[in-house]
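Asker: I need the structure of the sequence given here:
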Amino acid sequence: MTESVTKPLHFHLSGIGGAAMAPLAGMLAESGHRVTGSDAGVYPPASTLLEGLGIRWTNGFSEKNLDPAPDIVVLGNALSRGNPEVETVLDRNIPYRSLPQALEEFFLPGRDSLIVTGTHGKTTTTSMLSWILHYAGRRPNFLIGGVAENFGRSFGLGGGKEFVLEGDEYDSAFFDKGPKFLHYHPREAIITSLEFDHADIYTDLAAIELQFRRMVNLVPRAGRIVAWGESETVRGVVAKAFCPVETYGFTPGLDWLAGDVEFTEGETRFRVSYRGAEVARIRMQLAGRHNVLNALAAIAIAHGRGVQREALEGALRKFQGVLRRLEIKGETSGVLVVDDFAHHPTAIRVTIDAARHRWPGRRLWAVFEPRSNTMRRRVFESDLAASLSTADAAVLGAVNRAKLLDDNERLSPDRVLQTIRSAGKKAEGFETAEHIAEYLASETRPGDLILVMSNGSFDGLCSKLLVKLQDRTAPIGKSNG
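Answerer: Presented below is the predicted three-dimensional model:
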């Protein structure tokens, strides 16, 4: 905490149910402040976290939620002009911040900010780095955009010098339109990847590259950037860095290399070297080449900060992953149901690949909900079809909030499905999670794997699937649902 704050304050978080807002509420409460909040519905894991911390929130937005006036209102980036709490804050001149501004002001001063950025892998890499530092006894502070299973939560205030942050390039608030990571004063940064995303706020990849170059320009000469060296785009944004840049990947000639990679059911093994010298031999539970890269980046930062080989190896051997990253939801009548947060064509492709490595020999059904602001649009139609075609069969849900987009802008599930079928793969689309569950319960057989991918709840599809699968094995006249 910044030393200038000497007394507890009353913070009100408008939009407290957000993926990062709920952890911020927890950090403020654990720092001794009074915290209230409001949102249009708060669901797990945010609701579980807030309830466990004793933080109360109001369902719905109202000017009454700001009476008496808090010391500071943190406005979530989903709120805009016209929201009653936004209007009350402005009318009554109540001090307000965006989420990254609150972190910048109240948590980062005096800390070494270690930020993890990139289109893919941020949450897992942030979790890995935080866990390595914790395992090594460094008492890290951290804020993750998901629940790290080793910690059982998405934030921690260990009190040490390092603050590990997931650095998002999405904008911060209606009044703070720059990327969140520009507020985080990076001492060191990881760039995992860089592709076009967030089609609702960026016009093209060049617009995103500009923001990353701005972030790179904030890293001090005494800092460091660890960058995925196999991406021409990533190499481009770090080309004019004022600090040392270390590259990583599988390709000889990069600074950090992963070699001798072996995937077995339940374990991944690989050797880590830095400029030709072996640093560690890693065994971990996570599957997929993308997770080898995530671990390599986290190791590079931790090793550079003095974490020894024994701690690197021990931490990753015990690393459990992040909720909703190839998370097993259950197995019924021989069918395994797995949930994942993947919501970009590249993430879908590598998630399918990782699932094949982790559960070899199973027929794989890829089930996807076009829900993010990018995937609801047709910009990635052909890429989505190509990614889903790498599964044995695909099922596509309805476009979320479809009526908010014009016909010529909205993704067409029919076109995607037709492209997948033309590749010789089975593909079907349905309007509801209930219909998807009924279809899969009738079509799957023992030994199959259903991989459900969405950045939302998909209307409880995983639970519905397990019930339907259980029902089909129940004796006639009985139901286990």
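
Asker: Can you give me every residue that contacts L461?
Answerer: V367, E369, G397, A433, I436, A437, V452, S454 (Cβ atoms under 8 Å, 6 or more residues apart in numbering). Glycine gets a C-beta too; all of them are placed from N, C-alpha and C.

Asker: So which of the residues you listed belong to helices?
Answerer: Using DSSP state H, the subset of the contacts of L461 located in helices is A433, I436, A437.

Asker: contacting residues for the first one?
Answerer: Residues in contact with A433, defined by Cβ under 8 Å, 6+ apart, are G397, F458, D459, G460, L461, K464.

Asker: count of neighbours near the fourth one?
Answerer: As a burial measure, the neighbour count of G460 was computed by other Cβ atoms under 10 Å and equals 12.

Asker: which of the contacts of L461 sit farthest apart?
Answerer: Pairwise distances across the contacts of L461 (Cβ to Cβ) peak at 13.9 Å, for the pair A437 and S454.

Asker: returning to that earlier point: mind picking the one among the contacts of A433 that's closest to L133?
Answerer: Ranked by distance to L133 (Cβ to Cβ), the contacts of A433 are led by F458 at 33.6 Å.

Asker: Setting the sequence-adjacent residues aside, check what's closest to that closest one.
Answerer: E369 (4.8 Å; Cβ to Cβ, 6 or more residues apart in numbering).

Asker: So that neighbour versus P345, what's the distance?
Answerer: As judged by Cβ to Cβ, to the nearest Å, E369 and P345 stand 14 Å apart.

Asker: Could you check which of these two has the larger neighbour count?
Answerer: E369 (25 against 21).

Asker: The more buried one contacts S454, correct?
Answerer: Yes. E369 is in contact with S454 according to Cβ atoms under 8 Å; the separation is 3.8 Å.

Asker: which residues are common contacts for these two?
Answerer: With Cβ under 8 Å, 6+ apart as the test, E369 and S454 both reach G397, L461.

Asker: can you tell me the helix or strand for K464?
Answerer: Element membership for K464, per DSSP states H and E: helix 461-473.

Asker: residues of that helix that come out buried?
Answerer: Residues L461, C462, S463, K464, L465, L466, V467, K468, L469, Q470, D471 are the ones in helix 461-473 that count as buried (16 or more other Cβ atoms under 10 Å).

Asker: Lowest-confidence entry in those residues?
Answerer: Among those, D471 carries the weakest pLDDT, at 82.

Asker: From G110, how far out is it?
Answerer: Distance check for D471 against G110: by Cβ to Cβ, it reads 57 Å.

Asker: Could I get the full set of helices for the stretch 101-250 of the chain?
Answerer: Using DSSP state H, counting those that start in this stretch, the helices of the stretch 101-250 of the chain run over residues 122-135, 205-216, 232-237.

Asker: Just name whatever secondary elements the first one is in contact with.
Answerer: On a contact count with 3 or more Cβ pairs under 8 Å, 6 or more residues apart in numbering; DSSP states H and E, helix 122-135 meets strand 112-117, strand 141-148, strand 162-166, helix 289-304, helix 309-317.
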